[in-house]
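# model this:
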Amino acid sequence: MAFGRRRQAEEPAEGPEVTEEQAENAEDAPAEAGSAKAESAGGPWDSEDSFPEMQRLDFGSLQVPIAPGLGFQVNFEATQVDEEGNPLDGRPVAVLVQYEESAMQLQVFAAPKRSGIWEDVRRETAKDIQEEAQGQTQEGEGPFGPELLAMVPAALTEEVLAEMPQEVREQIPAEFVEQGWAPQIIRFLGVDGPRWFLQAVVQGAAIEDEEQWQVLEDVLSGVVVHRGDAPMPPRELLELQIPKEFSEAGEDGEEEAVETFDPFERGPEITEVR
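Okay, here's the model as predicted:
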């Protein structure tokens with residue numbers, strides 16, 4: 001397992017001006033808090049930063065850059081179910097960015113004012129994967145700081161195979177089909193910001209394909225987080241909203257790379273920050 005790195009020819013962008021309050025908080029924070037953001041060339045950005053202007057979809061607490069070839073999905077969590085367990089109502093909990101054969105799930109959480117939580121989340125995620133999913137994990141350094149790479153067994157039941165496109169099924173080695181599972185690689189990235197924590201979970205071809213990863217990396221670098229002033233307990237999800245472009249794209253016939261989905265048709269929900 002190997003970790004991707006930013007293009008060597010790419011020069012780091014100038015960081016935003018640091019306010020007096022940010023400097024004071026940085027001095028009081030542990031050494032690792034915010035280190036992921038410091039090591040990346042640019043963002044992700046806080047809404048109070050002087051971030052570069054670009055076209056973004058507004059998901060409320062997350063503003064995500066738009067680029068050619070990208071698709072977007074909002075993952076929902078049911079808040080009400082009927083007697084049979086079918087969802088009646090729900091809330092958006094994650095943004096899924098899709099590019100070719102790759103996907104990156106974005107979630108943003110509240111965090112303490114003077115410390116980051118990525119170190120603890122990373123350790124807990126690795127423990128859960130090893131003990132509950134019978135998987136393997138490896139830590140390393142990436143363009144946004146410490147990362148976690150995981151390999152977990154993914155079931156290949158008849159039902160799962162039947163739902164796959166034929167061209168995908170034909171690429172699965174026969175031994176995986178016979179044993180009923182295949183190794184799945186998942187990449188976890190985290191960024192500690194001022195009173196927020198952004199987690200990105202990458203799956204698909206971008207694990208190995210540098211070109212597809214660079215597209216997702218550029219998206220992550222351009223994300224803007226709007227924390228808001230309301231007090232929230234650490235690790236609580238920040239509120240997400242559905243962008244107006246989701247409904248307008250179909251009405252106006254614009255060729256925006258924005259896709260709408262059944263809100264209860266979940267994407268690859270990878271992990272939960274607890």
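# which residues touch Leu237?
Val93, Gln107, Val108, Phe109, Ala110 (C-beta atoms under 8 Å, 6 or more residues apart in numbering). From N, CA and C alone the C-beta is placed, and that goes for glycine too.
# any idea what it is bridged to?
Counting by DSSP bridges, Leu237 forms beta bridges with Phe109.
# how about low-confidence regions in the chain?
Counting by pLDDT under 70, the chain contains low-confidence residues at 1-41, 247-274.
# can you pull out the helices in it?
Using DSSP state H, the helices of the chain run over residues 20-28, 35-39, 118-131, 158-163, 166-169, 174-179, 210-221, 245-252.
# what is the burial count for Pro143?
Applying other C-beta atoms under 10 Å, we find 21 residues neighbouring Pro143.
# err, Lys113, not the other one
Lys113 has 12 nearby residues by other C-beta under 10 Å.
# how close does the closest residue in space to it that isn't next to it in sequence sit to Thr125?
Leaving out its chain neighbours, the residue that sits closest to Lys113 by C-beta to C-beta, 6 or more residues apart in numbering is Arg195, at 5.3 Å. Separation of Arg195 from Thr125 (C-beta to C-beta, to the nearest Å): 21 Å.
# who's more crowded, these two?
Between Arg195 and Thr125, counted using other C-beta under 10 Å, the more crowded position is Thr125 (24 against 20).
# who touches that one in this structure?
Thr137, Leu148, Ala150, Phe188, Thr271.
# which of the residues you listed are buried?
In terms of neighbour count (16 or more other C-beta atoms under 10 Å), the buried residues within the contacts of Thr125 are Thr137, Leu148, Ala150, Phe188, Thr271.
# identify the bridge partners of the third one.
In this case it means Ala150. Thr137, Ile186.
# list the contacts for the closest residue to Gly180 other than its chain neighbours?
Nearest non-adjacent residue to Gly180, counting by C-beta to C-beta, 6+ apart: Leu156, 5.5 Å away. Contact analysis of Leu156 by C-beta under 8 Å, 6+ apart lists Ile172, Phe176, Val177, Gln179, Gly180, Trp181, Ala182.
# let's have those in JSON lines, adding distance to Leu240 and neighbour count.
Listed next are the contacts of Leu156 as JSON lines, based on distance: C-beta to C-beta, whole Å; neighbours: other C-beta atoms under 10 Å:
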{"residue": "Ile172", "distance to Leu240": "34", "neighbour count": "13"}
{"residue": "Phe176", "distance to Leu240": "35", "neighbour count": "14"}
{"residue": "Val177", "distance to Leu240": "37", "neighbour count": "14"}
{"residue": "Gln179", "distance to Leu240": "38", "neighbour count": "11"}
{"residue": "Gly180", "distance to Leu240": "36", "neighbour count": "13"}
{"residue": "Trp181", "distance to Leu240": "33", "neighbour count": "14"}
{"residue": "Ala182", "distance to Leu240": "31", "neighbour count": "15"}
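# give me the number of residues near Arg114?
Neighbours of Arg114 (other C-beta under 10 Å): 15.
# to clarify, my last question referred to Ala205.
Ala205: 15 neighbours (other C-beta under 10 Å).
# equivalent analysis for Pro87, please.
For Pro87, using other C-beta under 10 Å, the count is 15.
# same question, the one 3 residues further on
Counted with other C-beta under 10 Å, residues neighbouring Gly90 total 16.
# does it touch Val81 like I think?
No: here Gly90 does not reach Val81: they are 9.4 Å apart, not a contact under C-beta atoms under 8 Å.
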